[in-house]
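Enquirer: Predicted structure and sequence below. I'll ask about it afterward.
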Amino acid sequence: MQLTGYIPCSKLAAEVQLTLDSISALTEESAVKQRTILRCAVLGLAVLALAILPSSASASVIGHLTFANCDGGGVTVTMTTVTWLPPALTGTGCIAAGFATNVTFDSGSIVPAEHGTINDLTPGNGNTGFLAFAGVTFNAPVIGPGVSNLTCSAVLASGPSCSVIAGSPFILTPETSGTLISLGVSGLAIDASSSNSAWSGIFSTQIANETPAQIQAAFNSSGSFTATYSFDGNVGVPEPVSLALIGGGLLALVGLKRRKARS
């Protein structure tokens, strides 16, 4: 008599072995993929570490840079000049490192509240040795640029920025309580061992209760404005290629995390 649905033991054992072999192959494939992703993640982290740490071959001056006014200081701005207060030496003013400053260089660092000097700005002058602290100098061959719009707003509200005259490096932006005047600077920072650390940032000052059009008219009449200011910038930041590699490493880490979540 033959039993319906009966499967010989030998056939059942063969099917079980085939299933185990398939599971083993899938497990091995998954392990290989995870090892590949892990290697990419480790490489990405290594690139990240190289990119964010200062390198004597590429950028020995590095960090975040903020400036504050020295005691009794500020800035006086005319159409063509910037005079930093109080005067430090002939043609220079006093500047202080802000509390968010964390710049390091080959022989030390710029610490918050440390005082340095800054060159007064006149047309075509004041860019070499623009900023100086003990052990490090910031050249600024690029001042500005301004904007092409010369029609300054006559109301205090959000609106288009303007420059007072063509070629002016200053940007006037209307705000609800006054006008924001900004000045961009960029160049290279120099310490005892390096002269290729790129830096850039923006000086800004607020003129309360004055519209951009009123400031433009005052400048055109040889007027001036004196106010306090602030500055925010960076020096020795990673280059775009380094940033792309960092992104690749982070994406590899994300892929590894997602794959672990599914396993």
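Expert: Nice, I can see it. Remember, it's a predicted structure, so these values are computed and weren't measured experimentally. Numbering: from 1, shown residues only.
Enquirer: which residues does residue 189 form a beta bridge with?
Expert: Following DSSP bridges, residue 189 is listed with bridge partners residue 138, residue 197.
Enquirer: And for stretch 194-204, what's in contact with it?
Expert: For stretch 194-204, the external contacting residues (C-beta atoms under 8 Å, 6 or more residues apart in numbering) are 56, 58-62, 65, 67, 75, 105-106, 138, 180-191, 229-237. From N, CA and C alone the C-beta is placed, and that goes for glycine too.
Enquirer: Pull out the buried members of these.
Expert: 58-62, 65, 67, 75, 105, 138, 180-191, 229, 231, 233, 235-237 (16 or more other C-beta atoms under 10 Å).
Enquirer: In strands, which of these fall?
Expert: Among the buried ones among the contacts of stretch 194-204, the ones falling in strands (DSSP state E) are 65, 67, 75, 105, 138, 180-190, 231, 233, 235.
Enquirer: what about the stretch 151-263 of the chain, any weak spots by pLDDT?
Expert: The stretch 151-263 of the chain contains residues with pLDDT under 70 at 238-263.
Enquirer: check contacts around residue 66.
Expert: Contacts for residue 66 (C-beta under 8 Å, 6+ apart) come out as 97, 98, 99, 100, 101, 230, 231, 232, 233.
Enquirer: actually residue 206, not the one I wrote
Expert: With contact taken as C-beta under 8 Å, 6+ apart, residue 206 is in contact with 175, 177, 178, 179, 180, 181, 227.
Enquirer: hang on, the earlier thing: and which of the contacts of residue 66 is nearest residue 116?
Expert: Checking the contacts of residue 66 against residue 116 by C-beta to C-beta gives residue 97 as the nearest, at 7.2 Å.
Enquirer: looking at it, the closest one is touching residue 109, isn't it?
Expert: No - if you go by C-beta atoms under 8 Å, residue 97 and residue 109 don't touch, sitting 9.7 Å apart.
Enquirer: how about the helices in the stretch 1-150 of the chain?
Expert: 9-52 (DSSP state H, counting those that start in this stretch).
Enquirer: Right, I'll call it a day here.
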